[in-house]
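Undergrad: Fold the following and give me the result.
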Amino acid sequence: QVQLVESGGGLVQAGGSLRLSCAASGRTSGYYIMEWYRQTPGNQRELVAGLSTRTGATYYADSVKGRFTISRDNTQNKVFLQMNSLKPDDTADYYCAVKTGGRAYWGQGTQVTVSS
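TA: Model (predicted):
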């Protein structure tokens, strides 16, 4: 089992920045994928960014490339999402996910609201 707790959401003006954090605990040894998703009411959850702990490779949705950066603190089992140049369209609930051993674990989400 892996437990995930997100933090760092909030209200920000367009053009501003936020840094989301996701703390992982439990069975976090070995290699796995760490991802950030977001979801708005009535829509499917969409992948925002991901990171492979095995290769260090990162990937992003086209809509956030150049503005968002995913990173990891290995010592604290945390993954971060630095969000810059935020737009009102970035408003959503953001979720952290860890995928390992054929299973996906999710956090409870943190809300991000970008005002115009």
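Undergrad: residue ranges of the strands in this structure, please?
TA: Under the criterion DSSP state E, the chain contains strands at 2-7, 10-13, 18-26, 33-39, 46-52, 58-60, 68-73, 78-83, 92-100, 103-106, 110-115.
Undergrad: Could you export the ones you listed as CSV, including mean pLDDT and mean neighbour count?
TA: (C-beta placed from N, C-alpha, C; glycine too.) As requested, these are arranged in CSV below (pLDDT from 0 to 100; neighbours: other C-beta atoms under 10 Å):
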stretch, mean pLDDT, mean neighbour count
strand 2-7, 94, 18
strand 10-13, 98, 13
strand 18-26, 93, 18
strand 33-39, 97, 21
strand 46-52, 97, 18
strand 58-60, 98, 15
strand 68-73, 95, 17
strand 78-83, 96, 22
strand 92-100, 95, 21
strand 103-106, 94, 14
strand 110-115, 98, 17
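Undergrad: Need the residues that contact stretch 104-116.
TA: 1-14, 16, 18, 20, 22, 38-39, 83, 86-99 (C-beta atoms under 8 Å, 6 or more residues apart in numbering).
Undergrad: What's the end-to-end length of it?
TA: The first and final residues of stretch 104-116 sit 34 Å from each other (C-alpha to C-alpha, to the nearest Å).
Undergrad: same question, stretch 65-79
TA: Counting by C-alpha to C-alpha, the terminal residues of stretch 65-79 are separated by 17 Å.
Undergrad: residues contacting the nearest residue to residue 39 once chain neighbours are set aside?
TA: Among residues not flanking residue 39 along the chain, residue 45 sits closest, at 4.2 Å (C-beta to C-beta, 6 or more residues apart in numbering). Under the criterion of C-beta under 8 Å, 6+ apart, the contact partners of residue 45 comprise 37-39, 95.
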